[in-house]
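**Student:** Quick one, what's the 3D model for this:
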Amino acid sequence: MIDLVSIIKAAVLNGTPLLFGTSGEILTQKSGNMNLGVEGLMFMGGSFGLAGAYIYSNMAGNNAKGYMAIIIALACAFIAGVIGALIFSFLTVSLKANQNVTGLALTIFGTGVGQFVGEIMRIRIGGNVTIPNNLKNAFVEPVMPLFLRKIPVIGEVLFSYNIFVYLGIVMVVIMSYFLHKTRKGLNLRAVGESAATADAAGINVSLYRYLATCIGGGISAVGGMVYIMTISGCVWNYSALSGEGWIAVALVIFCFWKPLNALFGSILFGALLILYLKVPLAFLPTQIYKILPYVATIIVLIFVSMKQKKKNQPPQGLGVNYFREDR
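**Tutor:** Numbering: from 1, shown residues only. Next up, the predicted model:
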């Protein structure tokens, strides 16, 4: 028998890091910047988030509080992502470097920085980098009241998750409202569609691109922290995040650059990531089963590229640097 409730729960939990990674990149691309360095940003977020919680637990000792560990991990991951995205923004917005090349360079840089921070902590303590069990529980335990979790089926499916699941849902709702219902959001989308037109209307193109890219990078990095602190059990694993960032980039296209769509897309791909554990097929080798998310990514890219609907297309200025003298 297939335990559908168990599959849904696992899909949501495994899709949450993708939700942050995808949402952050959607915000970035809405400004016209294409940051392909999400993989690197997630590595940085994962390692710095764990480092922040680890250092806090050592300093606070028995007085360490779970909610403080979460706040510190979130802050460290977000700041690391902002710094990585700031480097990307300086090179592409200020120096007009090629966005694709810069994004790939950020992937290499961010992955290296994340690996360095994670491994140097492991070497210095002579073992796995982790935090006490009481702090671990704060990251993974359900936050909804017990009476909601006890509702048959619905309680399991809707109310049995850690704080990051609900934080991700709130985030995409706010982001969607910001992009489509506020003046600042309209300005940001205008910059992504036509930087020259936005500039002529008095919108500061560079400022919007800097802010969207840096905030989006910080959000993507939080996705790496969520993965390490929940799925990896608050233990640094140098290979755990491999591929997560690239799936998040592909999900941006799959979700048609819409934050609310990212909520459902991340759950779908979260299910694909764990399907080999929940629904084992004797005739299919595990190694082949594990590549299913990446095969689905390729299929999605082909399918979306074939659907030439205006509302589902990327911002017209995506990936194009703005030269004001050419206006």
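**Student:** dump the residue contacts of residue 271.
**Tutor:** By C-beta atoms under 8 Å, 6 or more residues apart in numbering, the contact set of residue 271 is 7-8, 10-11, 14-15. Every C-beta, even on glycine, is put in place using the N, C-alpha and C of the backbone.
**Student:** Out of these, which sit inside helices?
**Tutor:** Among the contacts of residue 271, DSSP state H puts 7-8, 10-11, 14-15 in helices.
**Student:** Neighbour-wise, give me the winner out of the residues you listed.
**Tutor:** With neighbours taken as other C-beta atoms under 10 Å, the top of those is residue 15, carrying 27 neighbours.
**Student:** how near is that residue to residue 239?
**Tutor:** Per C-beta to C-beta, to the nearest Å, residue 15 is found 20 Å from residue 239.
**Student:** Now do the same contact list for residue 275.
**Tutor:** So residue 275 contacts 7, 289, 292 (C-beta under 8 Å, 6+ apart).
**Student:** Let me have the ones in helices among the contacts of residue 271 in CSV, extended by distance to residue 23 and pLDDT.
**Tutor:** What follows is the ones in helices among the contacts of residue 271, written out as CSV (distance: C-beta to C-beta, whole Å; pLDDT from 0 to 100):
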residue, distance to residue 23, pLDDT
7, 23, 90
8, 21, 92
10, 21, 92
11, 17, 93
14, 16, 94
15, 12, 95
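**Student:** any idea which of those residues is closest to residue 277?
**Tutor:** residue 10 (7.7 Å; C-beta to C-beta).
**Student:** who touches that closest one in this structure?
**Tutor:** 270-271, 274, 277-278 are the contacts of residue 10 under C-beta under 8 Å, 6+ apart.
**Student:** Filter these down to the buried ones.
**Tutor:** Buried residues within the contacts of residue 10, defined by neighbour count using 16 or more other C-beta atoms under 10 Å: 270-271, 274, 278.
**Student:** now those residues as a markdown table including secondary structure?
**Tutor:** Shown next, in a markdown table, are the buried ones among the contacts of residue 10 (DSSP: H, G, I helix; E, B strand; the rest coil):
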| residue | secondary structure |
| --- | --- |
| 270 | helix |
| 271 | helix |
| 274 | helix |
| 278 | helix |
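**Student:** Among these, find the lowest-pLDDT one for me.
**Tutor:** Among the buried ones among the contacts of residue 10, residue 278 has the lowest pLDDT, at 80.
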